[in-house]
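A.B. asks: Sharing a model prediction with you, sequence too.
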Amino acid sequence: MGGLNDSVVTELVLLALSCSTEKKFLLILICCLLYLGVILGNLFILVLVIFDSHLQSPMYFLLANLSLIDVGLSSTTIPKIISDLLNEYNVISFQSCMTQICFIHIMGGVEMVLLMAMAFDRCAAICKPLHYLKIMNPKICVSFVISGWVIGVVHALSQFAFVINLPFCGPNKVDSFYCDFPKIIRLACTDRAKYEFIVTANSGFMTMGTFILLILSYVFILITVWKRSSGDLSKAFVTLSAHITVVFLFFTPCMVLYVSPSPPPSLDKNLFIVDFAITPALNPVIYTLRNKDIRVAIKRLFKKRSYSKFC
């Protein structure tokens, strides 16, 4: 990675981590509480699905994988931010930056595929109830998860392959909490336009394409239910509300960051908190509050604990 001045950028300065003591304390508190919520909430869902025999269905298999990915996605950035704020350290090595970017895009790619799989699952359950278990058989479910990882890795490495070879010779300041392809490309000592276009086309197309397909699938489900129930959509809305809420929470920040040309730094920082901390922390709450099976499973778990203590 040769530079124009025979020098190479080995470290990057994350400017968002340089702030007043009061702001640092507030950020540390917010990040710690949200990350604790991410870990406890998603691992609780994961354990519940694994050990409750009543939740051994395709939808909950996909939900458990989504919870695992939410923990992974949040863990790519939040722990380092907390550590750096505590140690008053705002520098990241170039290698660590590239590693962070790759994991962010791998996890993001897997999550998009899992959300698509969950939409397909609901479509099969509502539109083809008699053939549901045949359509969503274990092979198909595992195939969705494997496909998600393959697509995530290809998505990340396809951008990493050319970004790693760009010349970085001087500027090393990033006005953000974390590393990402668009931010790093702006530091390159070369014509950045075509590389920015490639990243926008890759991440932007994947984000917008997945979002549009998800919306179309939910519209198809609602139309199907509307035709079968003489215009009564209340049951379908109850069934799909959790999925639609999660989709909007996940994709709104992604579309702003990757589809819009250049979001302002202040918006970028706020959306970072939403995408990497708030959304993964809210997902277990959304699925718990809006899902009868999960609520019943939680009650069953506490009844078992109370019974074992009594005995």
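C.D. replies: Received it, and whenever you're ready, just let me know what you need.

A.B. asks: Now do the helices in the stretch 101-250 of the chain.
C.D. replies: Per DSSP state H, counting those that start in this stretch, the stretch 101-250 of the chain carries helices over the ranges 132-135, 138-163, 181-185, 193-199, 205-228, 234-258.

A.B. asks: Go ahead and confirm residue 285 touches residue 42.
C.D. replies: No: using Cβ atoms under 8 Å, residue 285 is not in contact with residue 42; the gap is 10.4 Å. The C-beta positions use only the backbone N, C-alpha and C, and glycine is treated the same way.

A.B. asks: Of those two, which one has the most company?
C.D. replies: Using other Cβ atoms under 10 Å, the more surrounded residue of residue 285 and residue 42 is residue 42, with 25 against 12.

A.B. asks: Quick check: closest non-adjacent residue to the residue nearest the centre of the chain.
C.D. replies: Against the mean C-alpha coordinate of the chain, by Cα atoms, centre = their mean, the closest residue is residue 108 at 4.8 Å. Among residues not flanking residue 108 along the chain, residue 73 sits closest, at 6.7 Å (Cβ to Cβ, 6 or more residues apart in numbering).

A.B. asks: before we move on, what about residue 166?
C.D. replies: That would be residue 188: by Cβ to Cβ, 6+ apart, it lies 4.2 Å from residue 166.

A.B. asks: in terms of contact, does that neighbour touch residue 164 like I think?
C.D. replies: No: at 11.0 Å, residue 188 does not count as touching residue 164 under the criterion of Cβ under 8 Å.

A.B. asks: of these two, who's got more company?
C.D. replies: Using other Cβ under 10 Å as the criterion, residue 188 and residue 164 rank with residue 188 on top: 19 against 16.

A.B. asks: Report the contact partners of that one.
C.D. replies: Taking Cβ atoms under 8 Å, 6 or more residues apart in numbering, we find residue 188 in contact with 166, 167, 168, 195.

A.B. asks: Can you check the pLDDT for residue 35?
C.D. replies: Looking at residue 35, its pLDDT stands at 94.

A.B. asks: tell me what the helix or strand hosting it is packed against?
C.D. replies: Using DSSP states H and E, residue 35 sits in helix 21-51. Applying 3 or more Cβ pairs under 8 Å, 6 or more residues apart in numbering; DSSP states H and E, we find helix 21-51 packed against helix 58-75, helix 78-87, helix 279-289, helix 292-310.

A.B. asks: Of all those, which one is nearest residue 149?
C.D. replies: helix 58-75 (9.6 Å; Cβ to Cβ).

A.B. asks: Can you name the residues in contact with the closest one?
C.D. replies: With Cβ under 8 Å, 6+ apart as the criterion, helix 58-75 contacts 35, 38-39, 41-43, 45-46, 49-50, 103-104, 107-108, 110-111, 114-115, 117-118, 121-122, 125, 133, 136, 140-141, 144-145, 148, 276-277, 279-281, 283-284, 287, 293.
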